[in-house]
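*Asks:* Need a 3D model of the sequence below.
(one chain, ligands or ions: 2)
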Amino acid sequence: MINFQYARANDVADAVRMIAAEPSAKFIAGGTNLIDLMKEDVERPSRLIDISRLPLNTIEQTADGGLRIGALVPNSDLAHHPLVEQRYPLLSSAILAGASAQLRNMASTGGNLLQRTRCAYFYDTVTPCNKREPGSGCSAIDGVNRIHAILGTSEACIATHPSDMCVALAALDARVRVTGPAAERVMAFNDFHRLPGNTPQTDTNLLPDEIVIAVELPAQGFAENYSYLKIRDRLSYAFALVSIAAALELEGDTIKQARLALGGVAHKPWRDTAAEAALRGQAPNAVNFGRAADLLLRDARGYEHNAFKIDLARRGIVRTLTQAAQATPQSQSVKKIR
Ligand SMILES: Cc1cc2nc3c(=O)[nH]c(=O)nc-3n(C[C@H](O)[C@H](O)[C@H](O)COP(=O)(O)OP(=O)(O)OC[C@H]3O[C@@H](n4cnc5c(N)ncnc54)[C@H](O)[C@@H]3O)c2cc1C
Ligand code: SF4
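*Replies:* Ligands and ions are numbered 1, 2, ... in the order given. As a prediction, the model looks like this:
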């Protein structure tokens, strides 16, 4: 038996005090990822700091017309919140494409951001894995790498970030509000998750003594022209091989603004502003969508079992942008609710 302590934080300051005092401790929110990792002996926290009862479970409108989502808002409450369904249906679609209803009821907004990769070698403690045990090697590079990354990889790690919700948050230009012993700060969503580089053990730029307190959305939600496409091995209960969040602002037959982010292809949700810029001022058609896809995938590299993802992503991007332009999103259920 592996012993660990358990403590419940009374408020956010208490949670920060506890994690700062014991760096080998871990916050626990819904527990849907962390408990699995503990059972597999991948994570061995000395103490679980239970943050599930902190008052971070509200969704509020902000002064600039956006939304502030508390870190403990369950994924299902977020997906079905009337303001999210009406103004940010891309986010609802992405969340509802993930996990199962039971898991979404438990999973928190903050925990979804901090969930760890689904690389099988990361879970298999008898194989080398630089993310689990820095310096031990990467079993995936020359192993079974069908689900692995094609963009932003390194010689140390080719894992992907498994979240659906985060792909929509990247496309929507969300911000992450965190606090720690020093101060509260806000990070652009794109700066929150890291590429693996030489330190794949570190998934994000959250400091070890910081806690996520909220995710903030700007006012623009792209509610008219959006789509989230998740391509996976099974229709439910499976992580994305490739997922695409697309959002457009159209002015007549011209793209005024475009957003494009991919999941299942990199160590972080992959948003490419160059591909978005290439769509601005263009007509929303397959030729221009294909050009944007080629630009986004310009540095893509396939490994033995996952090279198919490059073509899959290209075709998925064209399809998702087409659905967005035609206001026929992949998830019709969200469209109907509106
Ligand atoms: C069978 C299965 C299928 C799944 N399928 C999908 C899927 O298709 N798509 C998808 O996107 N996800 C999927 N998930 C993942 C699921 O969405 C995550 O497990 C969940 O979002 C994690 O949230 P949690 O609150 O349970 O986190 P926890 O397990 O409590 O914590 C996860 C990590 O986040 C840290 N943490 C939690 N809250 C905070 C905070 N506020 N500040 C700082 N650190 C924090 C914890 O310390 C821990 O390291 C699946 C999970 C399972 C088990
Ligand atoms: S891809 Fe990353 S997580 Fe997977 S075995 Fe290699 S180092 Fe570990």
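
*Asks:* in the protein, which spans are helices?
*Replies:* Counting by DSSP state H, residue ranges of the helices within the chain are 12-21, 34-39, 75-80, 82-87, 89-96, 101-106, 109-114, 120-123, 165-171, 189-192, 273-279, 286-296, 308-325, 332-337.

*Asks:* How many residues are close by residue 208?
*Replies:* Residues lying near residue 208 (other C-beta atoms under 10 Å) number 11. Yep, even glycine has a C-beta here, placed from its N, CA and C like the rest.

*Asks:* Could you do residue 272 as well?
*Replies:* By the measure other C-beta under 10 Å, the count of residues near residue 272 is 18.

*Asks:* on that earlier part again, now mean neighbour count too, for the helices of the chain, in CSV please.
*Replies:* Compiled in CSV, the helices of the chain are given as follows (neighbours: other C-beta atoms under 10 Å):
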stretch, mean neighbour count
helix 12-21, 18
helix 34-39, 16
helix 75-80, 21
helix 82-87, 17
helix 89-96, 28
helix 101-106, 15
helix 109-114, 25
helix 120-123, 20
helix 165-171, 28
helix 189-192, 19
helix 273-279, 18
helix 286-296, 19
helix 308-325, 21
helix 332-337, 14
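
*Asks:* I'd like these as CSV, with mean pLDDT appended.
*Replies:* As requested, those are exported to CSV (pLDDT from 0 to 100):
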stretch, mean pLDDT
helix 12-21, 98
helix 34-39, 98
helix 75-80, 98
helix 82-87, 98
helix 89-96, 98
helix 101-106, 97
helix 109-114, 98
helix 120-123, 98
helix 165-171, 98
helix 189-192, 98
helix 273-279, 98
helix 286-296, 98
helix 308-325, 98
helix 332-337, 47
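
*Asks:* Ligand 1 contacts on this protein?
*Replies:* By the rule C-beta under 6 Å from any ligand atom, the part of the chain lying against ligand 1 is 26-34, 36, 51, 71, 98-99, 103, 106-108, 110-112, 114-115, 162-165, 211-212, 237, 239.

*Asks:* Filter the residues you listed down to the buried ones.
*Replies:* When burial is judged by neighbour count using 16 or more other C-beta atoms under 10 Å, the buried members of these are 26-34, 51, 71, 98-99, 103, 106-108, 110-112, 114-115, 162-165, 211-212, 239.

*Asks:* I'd like the helices of the chain laid out as TSV, including distance to residue 154.
*Replies:* Listed next are the helices of the chain as TSV, based on distance: least, C-beta to C-beta, whole Å:
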stretch	distance to residue 154
helix 12-21	28
helix 34-39	22
helix 75-80	30
helix 82-87	35
helix 89-96	26
helix 101-106	30
helix 109-114	21
helix 120-123	15
helix 165-171	20
helix 189-192	18
helix 273-279	21
helix 286-296	19
helix 308-325	17
helix 332-337	36
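
*Asks:* Let's have those in TSV, adding distance to ligand 2.
*Replies:* Supplementary listing: those in TSV, determined by distance: least, C-beta to the nearest ligand atom, whole Å:
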stretch	distance to ligand 2
helix 12-21	24
helix 34-39	12
helix 75-80	24
helix 82-87	32
helix 89-96	23
helix 101-106	22
helix 109-114	15
helix 120-123	3
helix 165-171	17
helix 189-192	19
helix 273-279	25
helix 286-296	22
helix 308-325	14
helix 332-337	32
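
*Asks:* ok, and the closest non-adjacent residue to the closest residue to ligand 1 within the stretch 51-200 of the chain?
*Replies:* In the stretch 51-200 of the chain, the residue found nearest to ligand 1 is residue 111; the distance is 2.2 Å by C-beta to the nearest ligand atom. Computed as C-beta to C-beta, 6 or more residues apart in numbering, the closest residue to residue 111 that is not its neighbour in sequence is residue 29, at 4.3 Å.

*Asks:* For the one you found, give me its contacts.
*Replies:* Contact criterion C-beta atoms under 8 Å, 6 or more residues apart in numbering gives 51-52, 71-72, 108, 110-111 as the residues in contact with residue 29.

*Asks:* how much space between residue 263 and residue 163?
*Replies:* Per C-beta to C-beta, to the nearest Å, residue 263 is found 7 Å from residue 163.

*Asks:* Could you pull up the residues touching residue 188?
*Replies:* 173, 175.

*Asks:* Could you report the separation of it from residue 151?
*Replies:* Shown here: residue 188 relative to residue 151, a distance of 19 Å by C-beta to C-beta.

*Asks:* do residue 285 as well
*Replies:* If you measure residue 285 against residue 151 using C-beta to C-beta, the figure is 25 Å.

*Asks:* Next: residue 245.
*Replies:* Between residue 245 and residue 151 the computed distance is 15 Å (C-beta to C-beta).

*Asks:* between the two, who's got more neighbours?
*Replies:* Counted by other C-beta under 10 Å, residue 245 and residue 151 do not tie: residue 245 has more neighbours, with 32 against 22.
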